[in-house]
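> this is the structure alone, sequence omitted:
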């Protein structure tokens, strides 16, 4: 048996892998998955200080598409308005819950480190 024939048998009866086998099929993502990805992107932009206009940079689009080919990134306007407002509302709700549960505390370095140390932004770990 030739070396070429042995390789073909290992790959699956002479069938070579197709380039399309390595890509995701074009199926629409469900709304929950889109919201999950949008929220992760929003947090990354806010916490890492990435300007919102970067979302439409071709390199950013390619990077996001390489992670999930079926995901369409939000527009700069949606990212900087609706998604940002949603994230601010969630953080404010967390802060309010902390304030309601505690009394007589001083906001200082310890409290900052304990509750807000995520990418140097105000993101609560609860």
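That came through fine. Nothing here was measured: the structure is a model prediction, and the numbers come from that model.

> and the helices in this structure?
3-12, 31-47, 58-67, 76-78, 84-101, 109-116 (DSSP state H).

> want to throw those helices into a markdown table with mean neighbour count?
Yep, even glycine has a C-beta here, placed from its N, CA and C like the rest. Converted to a markdown table, the helices of the chain look like this (neighbours: other C-beta atoms under 10 Å):
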| stretch | mean neighbour count |
| --- | --- |
| helix 3-12 | 10 |
| helix 31-47 | 15 |
| helix 58-67 | 11 |
| helix 76-78 | 14 |
| helix 84-101 | 13 |
| helix 109-116 | 12 |
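
> where does this protein dip in pLDDT?
1-26, 105-126 (pLDDT under 70).

> same thing but at 80, please
For the chain, residues meeting the criterion pLDDT under 80 lie at 1-27, 102-126.

> list the contacts of stretch 55-67.
41, 45, 54, 71, 73-76, 79 (C-beta atoms under 8 Å, 6 or more residues apart in numbering).

> from the residues you listed, which is closest to residue 31?
Residue 31 lies nearest to residue 71 out of these, by C-beta to C-beta, at 12.3 Å.
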